[in-house]
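# need a 3D model of the following:
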Amino acid sequence: MKIIQTVTVKQVLTEKSREELSAKYTQSKQQLQKECDQLLFEMKKLERTRRFSAAGLKAQFDKEVELRKEKIKLIDFQIEQLGMLPYGSEIKDQDIQALVDIQVGDQWEDIINGKTIIVKDGIIAEIRER
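Residues are numbered from 1 along each chain as shown. Next up is the predicted model:
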């Protein structure tokens with residue numbers, strides 16, 4: 001029988017992966033800033049039409065902009081932490097779903113504890129039983 005199980009993927013921090021993560025964080029930050037700018041532009045555009053209540057409109061847009069600014073602060077924190085981590089550190093990258101074969105007689109605890117995949121510079125370096 002096969003079951004679906006969540007598997008954690010961790011990335012080993014190397015010079016290459018640090019650069020890639022830093023670039024990814026920077027790109028996400030820029031995208032969020034563009035979204036903030038776009039929201040402010042849309043708010044001004046809608047204010048000119050005067051079809052909506054100015055207070056309600058402003059509150060909704062301010063909420064959306066604030067959400068993005070919080071995400072930007074989180075990304076700034078992640079960039080700062082990335083700079084402080086030593087090479088060789090393992091960073092949780094993502095969780096994926098995997099099919100696992102189970103049979104009568106298998107240890108249930110071993111199956112539910114799952115596995116962790118360790119990736120180093122895009123290559124699977126290790127598969128660990130938790």
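# element containing the nearest residue to residue 7 once chain neighbours are set aside, please.
Nearest residue to residue 7 in three dimensions, chain neighbours excluded: residue 98, at 4.7 Å (Cβ to Cβ, 6 or more residues apart in numbering). Where C-beta positions appear, they are placed from N, C-alpha and C, glycine not excepted. Secondary structure from DSSP states H and E places residue 98 in strand 90-101.
# what's that strand in contact with?
For strand 90-101, contacts defined as Cβ atoms under 8 Å, 6 or more residues apart in numbering pick out 1-13, 21, 85, 111, 115, 117-119.
# from these, which ones fall inside strands?
Here DSSP state E is the test, and the contacts of strand 90-101 give 2-12, 115, 117-119 as lying in strands.
# look up which residues are beta-bridged to the residue nearest to residue 7.
Taking DSSP bridges as the rule, residue 98 bridges to residue 5.
# can you list the low-confidence ranges for the chain?
Applying pLDDT under 70 to the chain flags residues 52.
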